[in-house]
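Asker: Sequence first, predicted model second:
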Amino acid sequence: TYDFEGQEKRTSESLNSIKSGYLLALMGIFLLLASQFRSYIQPVIIMMAIPFGLIGAILGHLVMGIDFTIISIFGIVALSGIVVNDSLILIDFINRAVREGVDINQAVVESGKARFRPVLLTSVTTVAGLFPLLLERSFQAQFLIPMAVSICFGLMAATVLTLLYVPALYLIIQDVINLFSRG
């Protein structure tokens, strides 16, 4: 038998703790969204932005040539809460328009047009705020750079994909609901 000790054991314990905390945070986000939207499907649509952020974070580490560290994972945890906001803004706008009697297809298109600038600006300002940290070469900042890479690149990827994918997924799910309600 073998057992990890020292730094490896502490890292493993930290990762296990982050996993359980992350799962609790995701469940909390889902429950908050489900209670707000009174739906179990719309929170799933909103939370689909989280994997987009993960893709961007991984690509960012590859592009920057930075190793994936536990601090990178902290950045991904923070990123998960940030990217949910973009999807939330789009879905909320669509729901309001549909409640006001706007055709669902038109509501989706209008949400993309009306919320494009606010979604893009919030993401760009967050990335711009972290950009100096990406360029910092001082010894004191080196341990924070992986977190900034995770957040910046993850947010850029999630923003682009959210603006395209979330409205499309909303319409797809609505079509499936309509198909089953007729049949």
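Answerer: Perfect, thanks for sending it.

Asker: Please report the confidence value the model assigns to the residue lying closest to Val127 once chain neighbours are set aside.
Answerer: By the measure of Cβ to Cβ, 6 or more residues apart in numbering, the closest residue to Val127 outside its immediate chain neighbours is Cys152, 4.9 Å from it. C-betas here are computed from N, CA, C, even on glycine. Cys152 is assigned a pLDDT of 95 by the prediction.

Asker: Next up, identify which helix or strand Cys152 is on.
Answerer: Under the assignment given by DSSP states H and E, the secondary-structure element containing Cys152 is helix 145-182.

Asker: now do Gly129
Answerer: Take DSSP H and E as the rule and Gly129 turns out to sit in helix 104-135.

Asker: what comes up buried for that helix?
Answerer: In terms of neighbour count (16 or more other Cβ atoms under 10 Å), helix 104-135 has its buried residues at 107-109, 111-112, 115, 119, 122-123, 126-127, 130, 134.

Asker: Report the buried residues of stretch 76-87.
Answerer: Taking 16+ other Cβ under 10 Å as the basis for neighbour counts, the residues of stretch 76-87 that come out buried are Ile76, Val77, Ala78, Leu79, Ser80, Ile82, Val83, Val84, Asn85, Asp86, Ser87.

Asker: ok, residues contacting that stretch?
Answerer: Residues from elsewhere that reach stretch 76-87 (Cβ atoms under 8 Å, 6 or more residues apart in numbering): 18, 21-22, 25-26, 29, 33, 45-50, 52-54, 57, 119, 122-123, 126, 147, 150-151, 154-155, 158-159, 162-163, 166.
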